[in-house]
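[1] Sequence and predicted model, in that order:
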Amino acid sequence: MPLYRDAAVVLRTHPLGEADRIITLLGHQRGKVRAVAKGVRRTKSRFGARLEPAMVVDVQCYEGRSLDTITQAESLASYGEPIARDYSRWVCAQVMCETAESLLDEGEANPAQFRLLVGALSALAQPVWPADLLLAGYLSRALSIAGWPLVTSECAVCGAGGPHRAVHVASGGTVCPSCRRAGATAPHPESIALLDDLVRNDWGSVRAALGLPSAPARRREVQEIVLAHLQWHTERQVRSVRQLDLDDLLATDPTTSHPHPTPSGSTTGATA
């Protein structure tokens, strides 16, 4: 059976038998892969700690008929450990990983999704930017790569230039008065502007918006819109969304009164 190596993000794990685990990976070259890691649940496992969710690893596997088998794993970035120190950030990481898994078919290579997830986890591991905004930015861009962009600068139905006040999730984003349908919501204009900043990956404008007195309310509306867009357009529900507590996210995230590095969400040493 042929061997291969790849840089990969650990998306999920679950037990297999008494000592093994099935590891779901998002590889830079191989896409989504499920592989058995033998003996990793034993205390003397050579690489068990490296194969935890949100870790970035260099793995060597050999192909199997239904499941591949991991023979080596070297750590490239241990994002899981710092993220796990904050429960709210850990839940955001779970939502990111589960979303990546739900958007890809097994064996479907998608380097853009890999780079985006690694960049998002890297930013999430640093307690600098609010986790809810990192999550919203990641989800909007991941869905865009998958073919379901969240439209914010024009009407999602007719293309009329915005900004528009109404959002209709089933239509794909903001809608003009002529295309507004039953079930559309009318978020605050500042929320639409913040959402547009995230969709465009304009973190300079996001930083400015965080200084507004109304920022917590705007962040809440943005999160609700993005999560509704996610759940509407993915074939299966992202179950970890149920664990998100927006009150906790807004209360525990760092202040934003000082300059922040811009989270790129697109570059990582793991892809070299």
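    It's in.

[2] mind listing the strands for the protein?
    For the chain, applying DSSP state E gives strands covering 3-16, 20-27, 31-37, 55-62, 68-78, 166-168, 173-175.

[3] Give me whichever of these is most buried.
    Among the strands of the chain, strand 173-175 has the highest mean neighbour count (mean count of other CB atoms under 10 Å), at a mean of 27. To be clear about C-beta, it is placed using only N, CA and C from the backbone, and glycine gets the same treatment.

[4] Can you list the neighbours in contact with it?
    Outside strand 173-175, the residues that touch it by CB atoms under 8 Å, 6 or more residues apart in numbering are 149-157, 162-168, 181, 184, 192, 229.

[5] Any chance of TSV for the strands of the chain, columns mean pLDDT?
    Converted to TSV, these look like this (pLDDT from 0 to 100):
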stretch	mean pLDDT
strand 3-16	93
strand 20-27	94
strand 31-37	93
strand 55-62	94
strand 68-78	91
strand 166-168	97
strand 173-175	97
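
[6] So among the contacts of strand 173-175, which ones count as buried?
    149-152, 154-157, 162, 164-168, 184, 192, 229 (16 or more other CB atoms under 10 Å).

[7] Narrow the residues you listed to those in helices?
    192, 229 (DSSP state H).

[8] Quick check, S178 in contact with H164.
    No: in this structure S178 lies outside contact range of H164 using CB atoms under 8 Å: 10.2 Å.

[9] Quick check, central residue of this structure?
    M96 (2.9 Å; CA atoms, centre = their mean).

[10] mind listing the helices for the stretch 151-272 of the chain?
    Secondary structure of the stretch 151-272 of the chain by DSSP state H, counting those that start in this stretch: the helices cover 189-199, 203-209, 215-233, 246-252.

[11] Out of the ones you listed, flag the one nearest Y87.
    helix 246-252 (7.8 Å; CB to CB).

[12] can you list the weak-confidence ranges in this structure?
    In the predicted model, the chain carries pLDDT under 70 at residues 1, 43-48, 252-272.

[13] Walk me through the domains of it.
    3-78, 81-259 (automatic domain parsing).

[14] Do I have it right that V33 meets L25?
    Yes: between V33 and L25 a contact is recorded at 4.8 Å, counting by CB under 8 Å.

[15] where do the contact lists of those two overlap?
    With CB under 8 Å, 6+ apart as the test, V33 and L25 both reach 6, 8.
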